[in-house]
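Peer 1: A predicted structure for the sequence below; I have some questions about it.
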Amino acid sequence: MARYSVFAIARHAASWHQGWEKAWRSPEPKSEYDAIVIGGGGHGLATAYYLAKNHGIRNVAVLEKSWLGGGNTGRNTTIIRSNYLRDPSAAIYELARGLYETLSQELNFNIMFSPRGVLMLAQTEHELRAYKRTESANRAQGIATEIVSPERCREIVPILNVAGPRYPVLGGLWQARGGTARHDAVAWGYARAASDLGVDIIQGCEVTGIDRDANGVTGVQTTRGPIRTRKLCIVVAGHSGVLAEMAGFRLPVESVALQALVSEPIKPVIDCVVMANTVHGYMSQSDKGELVIGGGADGFNNYTQRGSFQHVEETVRALVETFPIISRLRMLRQWGGIVDMTGDRSPIIGPTPVPGIWINCGWGTGGFKAIPGSGWATAAMIANGEDPVAGPFGLERFREGRMIDESVAAAVAH
Ligand SMILES: Cc1cc2nc3c(=O)[nH]c(=O)nc-3n(C[C@H](O)[C@H](O)[C@H](O)COP(=O)(O)OP(=O)(O)OC[C@H]3O[C@@H](n4cnc5c(N)ncnc54)[C@H](O)[C@@H]3O)c2cc1C
């Protein structure tokens, strides 16, 4: 595919930008592939890209039932950070964060990575202690984070009400190289680069059944006909349980709607990501000026892709206490995505009880930040049978009781 560059923009300007080729090929599905990835979100597309790029496995298809990035990848609030407590988590999220730094150049697609810094506010003594523990762990893991004072928090986020009333800011955990990226561009960039390496990106192709024989997987049934393969990777986030059932096994995953909202656009007031986990709300400001606000997850399992109405009120009410200026803002729109939650709030990457089928799921409310690292590690696991980064996240940990507990450890979503 032609490279995107300033010269290409200038050249195409002469023809009123009418001659750009499509960003990726949309071929008819072949009857057989060496490997099939189900799910055209960030994780599925990154897996396909690294299979082709790092391991030379290019006869690969990505099957997406609707459009690329139409799942959670295009619905999240784009926070990227790697300040997790447990070593396996820190390893995969830091691998991802590091890859994000140069992903635009790697993919020749501007994913608008913005390492603007992520500040996690400590608003109780317990939270401050937990963040001090995380900072120590991060130092041992080689991840640059620091505990900052309330005064420094106020310098970083001038609209912050550090004095309370119910939850004064006692300090914060600051990761200066955390930030955001344009979420749909991540999906599009991986799709374009994978397509360029020979991967078939097939949208509007829903997998409706999984075929197996005594030796394992043999192929999939789709709305565009059957396709044979001996290697299948299921990467469908909130629909993981549905696909696992088709393959004949069960997952320790629950699906719930998680929602987000944006305000009307205003002049720049905040140039980092700030998370207030005690009151449960977090914010960043988009290039358009909207405040991008993360809301809560529904307290019951569902596939609605909307989220319950009361969360909008709860989230905004919580944030007004810590950021009083937003009390006069109108909220413009709200949306939801179906997230796949595991009990320890860590992902599942690895083989399944059906030979030839791998799964990548369980990213829950925080998998956008992991996309490059997850794709890298999942591809390595499929190609080599094992991978040191993906290894600890295998499905067997639930049978062995070997949790990678980030829910209690970090007490933070996203
Ligand atoms: C409101 C919200 C806010 C979030 N905020 C953050 C954040 O700030 N930071 C962060 O790191 N993470 C965040 N997340 C989580 C993050 O978005 C997800 O963990 C991540 O996008 C999951 O990517 P994925 O590729 O696994 O899944 P998806 O992007 O959901 O892709 C899965 C794809 O599989 C397809 N599919 C499903 N069934 C089939 C089938 N039968 N056949 C073919 N295709 C199928 C779907 O159509 C979908 O496109 C948030 C999520 C939500 C909903």
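Peer 2: It's in. Please read these numbers as outputs of a predicted model, since none were measured by experiment.

Peer 1: Nearest residue to the middle of this structure?
Peer 2: Closest to where the C-alpha atoms of the chain average out (Cα atoms, centre = their mean) is F368, at 1.4 Å.

Peer 1: from what I can see that one touches H183, true?
Peer 2: Yes - using Cβ atoms under 8 Å, F368 is in contact with H183, at 6.1 Å. Any C-beta I mention is one placed from the backbone N, CA and C, and that applies to glycine too.

Peer 1: does the closest residue to the residue nearest to the centre of the chain other than its chain neighbours sit in a helix, a strand or a coil?
Peer 2: Excluding its sequence neighbours, the residue lying closest to F368 (Cβ to Cβ, 6 or more residues apart in numbering) is N76, at 4.5 Å. Following DSSP: H, G, I helix; E, B strand; the rest coil, N76 is assigned to coil.

Peer 1: count of neighbours near N76?
Peer 2: Per other Cβ atoms under 10 Å, the neighbour tally for N76 reads 23.

Peer 1: repeat for G391
Peer 2: Neighbours of G391 under the rule other Cβ under 10 Å: 14.

Peer 1: which strands and helices sit next to the helix or strand hosting V62?
Peer 2: Per DSSP states H and E: V62 is located in strand 60-63. On a contact count with 3 or more Cβ pairs under 8 Å, 6 or more residues apart in numbering; DSSP states H and E, strand 60-63 meets strand 35-38, helix 42-55, helix 183-196, strand 200-202.

Peer 1: Now render these as CSV, adding mean neighbour count.
Peer 2: Output for the helices and strands packed on strand 60-63, formatted as CSV (neighbours: other Cβ atoms under 10 Å):
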stretch, mean neighbour count
strand 35-38, 29
helix 42-55, 27
helix 183-196, 24
strand 200-202, 23
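
Peer 1: Looking at the ones you listed, spot the one closest to L99.
Peer 2: helix 42-55 (9.0 Å; Cβ to Cβ).

Peer 1: Do any residues in the closest one lie close to the ligand?
Peer 2: Yes - with Cβ under 6 Å from any ligand atom as the criterion, the ligand is reached by helix 42-55 at 42-44.

Peer 1: For the ligand, state which of the residues you listed is nearest.
Peer 2: Distance to the ligand, by Cβ to the nearest ligand atom, is smallest for H43 among these, at 3.6 Å.

Peer 1: Now do the same contact list for the closest one.
Peer 2: Shown in contact with H43 (Cβ atoms under 8 Å, 6 or more residues apart in numbering): 73, 235, 237, 360, 363, 367, 370-371, 374-375, 378.

Peer 1: Please list the members of those that lie in strands.
Peer 2: N360 (DSSP state E).

Peer 1: quick revisit: touching, the residue nearest to F368 and W335? I think so.
Peer 2: No - counting by Cβ under 8 Å, N76 stays clear of W335, with 10.1 Å between them.

Peer 1: shared neighbours, those two?
Peer 2: By Cβ under 8 Å, 6+ apart, the residues touching both N76 and W335 are A260.

Peer 1: model confidence over the next helix or strand after the strand holding V62, on average?
Peer 2: Using DSSP H and E, the helix or strand that directly follows strand 60-63 along the chain is helix 87-101. In this model, helix 87-101 has an average pLDDT of 98.

Peer 1: And the next helix or strand after helix 87-101, what's buried?
Peer 2: Using DSSP H and E, the helix or strand that follows helix 87-101 in sequence is helix 103-107. Judged by neighbour count (16 or more other Cβ atoms under 10 Å), helix 103-107 contains these buried residues: 103-104, 106-107.

Peer 1: Name the surrounding residues that touch helix 103-107.
Peer 2: When contacts are defined by Cβ under 8 Å, 6+ apart, helix 103-107 is touched by residues 49, 99, 110-113, 181, 186, 189-190, 192-193, 372.
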